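Asker: Got a sequence here, can you build the structure:
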Amino acid sequence: EISRGSTVLELGCGLGVPGIIAHLMGGKVVLTDQPNLLTQLSDNLERNFDMNGDNGISIEAKALSWSREDVKDLITECSLELHGFDFVMNCDCVYEPLYGKSWKLLVEVIDELLRVNPKCIVLSSVERRNADGVNLFIDAMKQSEYVRDVK
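Answerer: Below you'll find the predicted structure:
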């Protein structure tokens, strides 16, 4: 359960709604997406939240391109090298007609996050559509080195 002080990473956050909810539950949240998509999200966060993190709780937007190296850099930037994130979320990030095979990079990033923190809980939410690539994503997750269970 996400609780006060839990570290939460949202991948491909778009508007960041799941991450914002995690923040309201008390999580220390990092919302990530491609650099060109963060301007409006950052503005909205600054208008609606204390970006200095009252009582050690914070929410912030950061650019992240999906790769093992870039997520390692993010972990270092967030000073989480020893523990990693407690929770990782992604919502509607797998849809081949729109995003191509980028789910392969998503699997790589999730695998690295689980290498750093094997107890991390990853929540992936997808809408099923024709030719969406979700089955391929799930199969790749099951074959990843650090993924223990896929439900």
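Asker: quick one: least confident helix or strand in this structure?
Answerer: Least confident helix or strand, the chain: helix 38-48 with a mean of 87, by mean pLDDT, DSSP states H and E.
Asker: and after that helix, which helix or strand comes next?
Answerer: strand 59-63 (DSSP states H and E).
Asker: all helices for the chain, in order.
Answerer: Remark: helices assigned in the chain by DSSP state H are 17-24, 38-48, 68-77, 96-99, 103-116, 134-143.
Asker: can I get the ones you listed in TSV with distance to Arg4 and mean neighbour count?
Answerer: Every residue, glycine included, has its C-beta placed from N, CA and C. TSV is the format used below for those (distance: least, C-beta to C-beta, whole Å; neighbours: other C-beta atoms under 10 Å):
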stretch	distance to Arg4	mean neighbour count
helix 17-24	11	20
helix 38-48	19	14
helix 68-77	21	16
helix 96-99	34	13
helix 103-116	21	20
helix 134-143	29	15
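Asker: any chance of those in TSV, with distance to Glu1 too?
Answerer: Converted to TSV, the helices of the chain look like this (distance: least, C-beta to C-beta, whole Å):
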stretch	distance to Glu1
helix 17-24	11
helix 38-48	24
helix 68-77	23
helix 96-99	30
helix 103-116	19
helix 134-143	22
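Asker: worst average pLDDT in these?
Answerer: Note on these: lowest mean pLDDT is at helix 38-48, with a mean of 87.
Asker: Show me what it is packed against.
Answerer: strand 28-33, strand 59-63 (3 or more C-beta pairs under 8 Å, 6 or more residues apart in numbering; DSSP states H and E).
Asker: so which of these is the most packed in?
Answerer: strand 28-33 (a mean of 26; mean count of other C-beta atoms under 10 Å).
Asker: Dump the helices and strands packed on helix 38-48 into TSV; add distance to Leu82 and mean pLDDT as well.
Answerer: Formatted as TSV, the helices and strands packed on helix 38-48 follow (distance: least, C-beta to C-beta, whole Å; pLDDT from 0 to 100):
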stretch	distance to Leu82	mean pLDDT
strand 28-33	15	96
strand 59-63	19	94
